[in-house]
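Participant: Have a look at this prediction, sequence included:
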Amino acid sequence: MLRPQDTDTRERKSLNGLWRFALDPAGEGRARRWFSGPLTEGREMAVPASFNDVSADPAVRDYFGDIWYQTTVRVPRGWAGQRIALYFESATHRATVWVNDTEVVSHEGGYTPFEADITDHVRAGDQARLTVVVNNTLSFQSIPPGVIEDTPAGQRQRYWHDFFNYAGIHRSVWLHTTPARHLTDITVVPGLDGATGTIDYTIESTGDAETRVVLRDADGRQVADGAAPAGTLTVENVHRWAPGDGYLYDLEVQLVDEGAVVDSYHQRVGVRTVEVSGNRFLINGEPFYFTGFGKHEDLAVIGKGHNDAFMLHDFELLKWIGANSFRTSHYPYSEDVLDYADRQGIVIIDETAAVGLNMGLGGGIFGAQGYQTFSPDTINDATREVHAQAIRELVARDKNHPSVVLWSIANEPESDTEEAEAYFRPLFDLTRELDPSRPVGFVNVMLAPYGKCRVSQFADVLMLNRYYGWYVHTGDLPAAEQAWEEELRGWAGENKPIIITEYGADTYPGLHSIATQPWSEEYQIEYLEMNHRVFDRIDAVIGEQVWNFADFATTSGIMRVGGNKKGVFTRDRQPKAAAFALRRRWRKDA
Ligand code: GCB
């Protein structure tokens, strides 16, 4: 599936704006065919945005179930004779869409795009009614998982991930055209042979037109071309894509019939290689050290709604602090973020939404669980198929981004049991089959430390989340330092690169202390410095990503003070004292 574009042969129209909106607590809308007429409730909702915090009603914030969105669109008159499609960049966590009275598509998974061909259901020049029912309920068969529990006060949604279950239509919605005969997919895999760049490409299309590809450099000069649906382009003296240098070529792909261009699409290409060698992570053959953060899509009012201005500002802050990378914890981010990372030369660890597959993570954060992680009634084969599909859709969407250097197929799942090993083995195989060009890993949790984890054997890179000095040895940094180094030395013996994908301390901005006092701004700095001493002593550590870039919203709990406060920046992007300390470490020039 190709993201909508305006090209010589394609047009798109944004459907962003205010849509009619209705919650459906009785779950009656489908049976009562709410799609077959105007939603009458009279509320409106911004698209893109999470609906939760837009309203001032706490019941809306915590609502789970069906959520209805509706808009009307006039199909441009000039679109007659074209194939017309609807493209949702995401709808969280699942959606069904109607055009007028006709159901056109359903999609499971909250963070990847889906599309419906609606050519037969609309007419150029006419108005059409679009109705979407989004559902934000989590179950043991959703990714991420959750459960609805009956309580004396009614049903409650529980889940085991530490961020608020924002939902709705978070990203842009497009109405767009393609020609009837059209390109359906493009895959590029870059390579390097000394100063020469290579680009293996594969083009998929409907029909039997010929294919033409032209590669242009950033100045628009043609540097290579080809005439087959698959092949290899070479570029002498290639300008590599590299961390900090987001140089992109433009691959124009055309379908051609008797000399006439039938369809045309532009694919950005960054020429770089990624490889694991021993305990090194190589980009363009050079050892790369990751600095940066685990992030979230999380903003006041709009929740996980994409916002261009905040995206630019976040990248400015990344640059300011000397971060060269981040992880899309804990779900695929907006396609705009990936595109911008490509252009900025920011390196990305791209993660699925498989977070919270771990009933052992009880106690403080989520309360006692009373569930077994893997069992016929909880995370089971059906869940694994949903997870597999999430991986397929992530790779399909992001495979061509040079910024993406590593797949993370899960965050902190149970990984110390036989069931976990059996669950994950095929998912690693699948990811490698889908993309042999990138390393694959998952993020290991403290509960499955060195010697106990049975899933890390499948990973090319070890990604560890550790909270020595926070959740354990709280406030006792010397003890934390000792225990942390001891564990890390064990992992280092595996001869794989190690990225510390999370280490962090909740910090209340403005809280100060001379004593070593958790939650103070000084403690956050001391905690980070302790970690850095440990990392610097261990050769296999090739990356450090602090948890988190910014404070973010979570579910309620006694461990969370108005959300998770491990941000180096506050939720409104003001620096805590640790930001300056990190900047001194990461930016040698600052
Ligand atoms: C973790 C999770 C992350 C949490 C973090 C914390 O290990 O991966 O989602 O927010 O810890 O702050 O507890």
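Facilitator: Nice, I can see it. Quick caveat, the model's predicted, so the values are computed rather than measured.
Participant: Any idea how many residues pack against the residue of the stretch 101-250 of the chain found nearest the ligand?
Facilitator: Nearest residue of the stretch 101-250 of the chain to the ligand: residue 162, at 3.5 Å (C-beta to the nearest ligand atom). From N, CA and C alone the C-beta is placed, and that goes for glycine too. As a burial measure, residue 162 scores 25 neighbours (other C-beta atoms under 10 Å).
Participant: So the closest residue to it other than its chain neighbours: helix, strand or coil?
Facilitator: Leaving aside its chain neighbours, residue 162 sits nearest to residue 554 (5.4 Å; criterion: C-beta to C-beta, 6 or more residues apart in numbering). Secondary structure, DSSP: H, G, I helix; E, B strand; the rest coil: residue 554 is coil.
Participant: Could you find the closest non-adjacent residue to the residue positioned nearest the centre of the chain?
Facilitator: In the chain, the C-alpha nearest the mean C-alpha coordinate belongs to residue 332, at 1.6 Å (C-alpha atoms, centre = their mean). Excluding its sequence neighbours, the residue lying closest to residue 332 (C-beta to C-beta, 6+ apart) is residue 111, at 4.4 Å.
Participant: Repeat that for residue 344.
Facilitator: Leaving aside its chain neighbours, residue 344 sits nearest to residue 246 (5.0 Å; criterion: C-beta to C-beta, 6+ apart).
Participant: phi, psi of that neighbour?
Facilitator: With angles defined as degrees, to the nearest 10, residue 246 sits at phi -80, psi 60.
Participant: Just the element for residue 489, please.
Facilitator: Element membership for residue 489, per DSSP states H and E: helix 477-492.
Participant: Just checking the distance from that helix to the centre of its chain.
Facilitator: Between the centre of helix 477-492 and the centre of its chain there are 30 Å (C-alpha atoms, centre = their mean, to the nearest Å).
Participant: what does it contact?
Facilitator: Contacts with helix 477-492, where a contact means C-beta atoms under 8 Å, 6 or more residues apart in numbering, come from 279, 449-451, 462, 464, 466, 468-469, 472-473, 498, 516, 526-527, 530-531, 533-534, 537-541.
Participant: Can you name the residues that contact the residue in the stretch 451-590 of the chain that the ligand sits nearest to?
Facilitator: Nearest residue of the stretch 451-590 of the chain to the ligand (C-beta to the nearest ligand atom) works out as residue 465 at 4.3 Å. Residues near residue 465 by C-beta under 8 Å, 6+ apart: 411-412, 443-446, 500-503, 547.
Participant: The nearest residue to residue 461 once chain neighbours are set aside in helix, strand or coil?
Facilitator: In this structure, residue 461 finds its nearest non-sequential neighbour in residue 441, 4.4 Å apart by C-beta to C-beta, 6+ apart. With three-state DSSP as the basis, residue 441 sits in strand.
Participant: near the ligand, which residues of this structure?
Facilitator: When proximity is defined as C-beta under 6 Å from any ligand atom, the chain approaches the ligand at 162, 330, 411-412, 465, 502, 547, 564, 566.
Participant: would a markdown table of those residues with secondary structure and pLDDT be doable?
Facilitator: Listed next are these as a markdown table, based on DSSP: H, G, I helix; E, B strand; the rest coil; pLDDT from 0 to 100:
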| residue | secondary structure | pLDDT |
| --- | --- | --- |
| 162 | coil | 95 |
| 330 | coil | 96 |
| 411 | strand | 98 |
| 412 | coil | 97 |
| 465 | strand | 98 |
| 502 | strand | 98 |
| 547 | strand | 98 |
| 564 | strand | 98 |
| 566 | coil | 98 |
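Participant: Residue 305: what secondary structure?
Facilitator: Criterion first, three-state DSSP; result for residue 305: coil.
Participant: begin at 48 from here
Facilitator: Sure thing, new numbering starts at 48, so read that last one as residue 352.
Participant: Contacts only, for the closest residue to it other than its chain neighbours.
Facilitator: Counting by C-beta to C-beta, 6+ apart, residue 352 lies nearest to residue 96, which is 3.6 Å off, once chain neighbours are set aside. Residues in contact with residue 96 (C-beta under 8 Å, 6+ apart) are 215-217, 348-350, 352.
Participant: Dig out what residue 96 forms beta bridges with.
Facilitator: Note on residue 96: beta-bridge partners by DSSP bridges are residue 216.
Participant: Okay, now the unreliable bits of this structure?
Facilitator: 409-416 (pLDDT under 70).
Participant: Would you map the helices across it?
Facilitator: 105-108, 355-368, 382-391, 428-445, 465-481, 524-539, 568-584, 624-633 (DSSP state H).
Participant: would you turn those into JSON lines with mean neighbour count?
Facilitator: Putting those into JSON lines (neighbours: other C-beta atoms under 10 Å) gives the following:
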{"stretch": "helix 105-108", "mean neighbour count": "13"}
{"stretch": "helix 355-368", "mean neighbour count": "16"}
{"stretch": "helix 382-391", "mean neighbour count": "19"}
{"stretch": "helix 428-445", "mean neighbour count": "19"}
{"stretch": "helix 465-481", "mean neighbour count": "17"}
{"stretch": "helix 524-539", "mean neighbour count": "18"}
{"stretch": "helix 568-584", "mean neighbour count": "19"}
{"stretch": "helix 624-633", "mean neighbour count": "18"}
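Participant: how about the ones you listed in a markdown table, adding distance to residue 121?
Facilitator: Shown next, in a markdown table, are the helices of the chain (distance: least, C-beta to C-beta, whole Å):
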| stretch | distance to residue 121 |
| --- | --- |
| helix 105-108 | 30 |
| helix 355-368 | 25 |
| helix 382-391 | 26 |
| helix 428-445 | 29 |
| helix 465-481 | 39 |
| helix 524-539 | 59 |
| helix 568-584 | 53 |
| helix 624-633 | 48 |
